[in-house]
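Trainee: Provided below for reference: sequence and predicted model.
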Amino acid sequence: MRWPDHAIWWHVYPLGFTGAEAAALPPGAPPEHRLRRIAEWLDHLVALGCNGLALGPVFASETHGYDTVDHFRVDPRLGDEHDLLRLIEAASSRGVRVLLDGVFNHVGRGFPQFADVEARGAASPFAGWFVPDGNGDFRTFEGHHKLVVLNHEEPAVADHTVQVMSHWLERGVDGWRLDAAYAAPQEFWRTVTDRVRARFPDAWLVGEVIHGDYAGIVESTGFDSVTQYELWKAIWSSLNDRNFFELAHALTRHDGMLQTFVPQTFLGNHDVTRIASRLDDERHLTHALVILLTNAGVPSIYAGDEFAFHGIKEEREGGDDAIRPAFPGHPDETPGHGAPYHRLHQDLIGVRRRHPWLVRAHTKVATLTNTALSYTVGQGDERLAVVLNVADEPAKADLPAAGWTRIAGDADFHGEGALVPPQGWAIAHP
């Protein structure tokens, strides 16, 4: 197994996590060394059972980090390169891998190459880096005026992307999340990933993809994985609607992806409403986590979700603030630290650690009703059983005969099935 097969990520949005200013510091202002605050949480990451730190944007930007102005410079609101290298070193000393967030689909309007084009027009050596929109401006990302799309047909843009990715891989990071990967041509990504992988064959490259043919995209782009939004949606939607048929359908599709790649799975990230706010009934937080951590994938925990943080994403200026809050200096100062849901994360991640084959396990549904679901997950001779009940009365769940023994949860296993209490769940092995 390659190292990504053992990765369980703890995902942090650094600008929010560290309480950084909403906009870039004035030119010449000394850096604020806030990345050091993330290092104070590395022991929490490890105690949770994770072994990967997935960082959101850390490079110089104008506001939220996705309007990059310099891919080679750490955002002064977070510190400097020394701070980032110290964080990488501190993580590495604990056996923790580090993933960076690369925004190569678009840049901020203060990106020097774009500023040169605005000043010099066609005379700029960077004129080919951007695409005129026919109205005196340049193409932007999904209507955001401040986010100027790069011209991915320009070879120099691919060169720049490769240089940036290689620069930080040389300095000790282990891979890249490629932001808005769905918006750039797949041929562009294939050029980039082939060149990067020639020098860094062990780097893990995951593309942000929301809709579409995930497996086909992976094959075309050379990504190792993509973000599994389809399963994310099915988990919370099926729980809210008391409709496990939706989840079973998504798990079948998820299972098919394993023929090509291992998806990156999650319940939350910096772009979506917190799972505790998304679910209509907070009792189902447990069910959602069980589903995430007993199915195939490379899972991530969005910082704060282990404490059942709330936060609703809104489509407005500043609408991400609630899902990207500042964190205390130390974990034990955080509401929810040591509470049952935090401990459940540790317990279920522990189950996954003891059964590392789950990363590529195939799922077979045994019992399926609106409110009860049982399935087995297995690879080779290894197998576990999972039972879930979101009704307020007990449910019977069938399973293949295997002499199941409960290892987590509260169901009563017997012969070829289990009796699951109201709002109950359990995991068992043969």
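Mentor: Happy to help now that I have it. Numbering: from 1, shown residues only.
Trainee: All the strands of the stretch 1-150 of the chain, in order from the start?
Mentor: Counting by DSSP state E, counting those that start in this stretch, the segments of the stretch 1-150 of the chain that form strands are 9-12, 52-55, 59-61, 68-74, 97-102, 106-108, 140-141, 144-149.
Trainee: so which of those gets nearest Gln228?
Mentor: Across the strands of the stretch 1-150 of the chain, the minimum distance to Gln228, taken as CB to CB, is reached by strand 9-12, at 13.1 Å. (C-beta placed from N, C-alpha, C; glycine too.)
Trainee: counting contacts, what elements does that closest one pack onto?
Mentor: Secondary-structure packing of strand 9-12 (3 or more CB pairs under 8 Å, 6 or more residues apart in numbering; DSSP states H and E): strand 52-55, strand 298-302.
Trainee: Redo those strands as TSV? Include mean neighbour count and distance to Pro76.
Mentor: Conversion of these to TSV gives the following (neighbours: other CB atoms under 10 Å; distance: least, CB to CB, whole Å):
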stretch	mean neighbour count	distance to Pro76
strand 52-55	26	16
strand 298-302	25	25
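Trainee: Switch those strands over to TSV; also include mean pLDDT and distance to Trp41.
Mentor: TSV is the format used below for those (pLDDT from 0 to 100; distance: least, CB to CB, whole Å):
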stretch	mean pLDDT	distance to Trp41
strand 52-55	98	9
strand 298-302	98	12
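Trainee: Distance to Tyr341 added to these, as a markdown table?
Mentor: Below are these laid out as a markdown table (distance: least, CB to CB, whole Å):
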| stretch | distance to Tyr341 |
| --- | --- |
| strand 52-55 | 21 |
| strand 298-302 | 11 |
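Trainee: Please name whichever of the ones you listed is nearest to Arg77.
Mentor: Here strand 52-55 is closest among the helices and strands packed on strand 9-12 (CB to CB), at 13.9 Å.
Trainee: Adjacent strands (with direction) for the closest one?
Mentor: Strand 52-55 has the following strand partners under DSSP bridges: strand 9-12 (parallel), strand 97-102 (parallel).
Trainee: Please tell me how far the residue located most distally from the centre of the chain sits from Val117.
Mentor: Distance from the C-alpha centroid of the chain peaks at Ala123, with 40.7 Å (CA atoms, centre = their mean). From Ala123 over to Val117 the distance is 9 Å, taken as CB to CB, to the nearest Å.
Trainee: From Arg177, how far off is the nearest residue to Glu62 once chain neighbours are set aside?
Mentor: If you skip the residues right next to it in sequence, Glu62 has Gly108 as its closest partner in space, 4.3 Å away by CB to CB, 6 or more residues apart in numbering. Per CB to CB, Gly108 is found 19 Å from Arg177.
Trainee: And these two? Which one has more around it.
Mentor: Between Gly108 and Arg177, counted using other CB atoms under 10 Å, the more crowded position is Arg177 (26 against 23).
Trainee: Hmm, Gly102 and the more buried one touching each other?
Mentor: Yes. With contact defined as CB atoms under 8 Å, Arg177 counts as touching Gly102 (6.9 Å).
Trainee: Report the separation between the closest residue to Arg353 other than its chain neighbours and Ala296.
Mentor: Spatial nearest neighbour of Arg353, excluding adjacent residues (CB to CB, 6+ apart): Gly49 at 5.9 Å. Gly49 sits 18 Å away from Ala296, going by CB to CB.
Trainee: Among those two, which residue is more densely surrounded?
Mentor: The neighbour comparison of Gly49 against Ala296 (other CB under 10 Å) goes to Ala296, with 24 against 20.
Trainee: List the contacts of the residue nearest to the more buried one when sequence neighbours are not counted.
Mentor: Nearest residue to Ala296, sequence neighbours excluded (CB to CB, 6+ apart): Ala361, at 5.0 Å. Residues near Ala361 by CB atoms under 8 Å, 6 or more residues apart in numbering: Asn295, Ala296, Val377, Gly378, Gln379, Glu382, Leu384.
Trainee: Surely Gly319 is within a strand?
Mentor: No. Gly319 sits outside any strand when classified using DSSP: H, G, I helix; E, B strand; the rest coil, being coil.
Trainee: For the residue lying closest to it once chain neighbours are set aside, the count of nearby residues, please.
Mentor: Spatially, and ignoring its direct neighbours in sequence, Gly319 is nearest to Lys313 (6.0 Å; CB to CB, 6+ apart). Neighbours of Lys313 under the rule other CB under 10 Å: 18.
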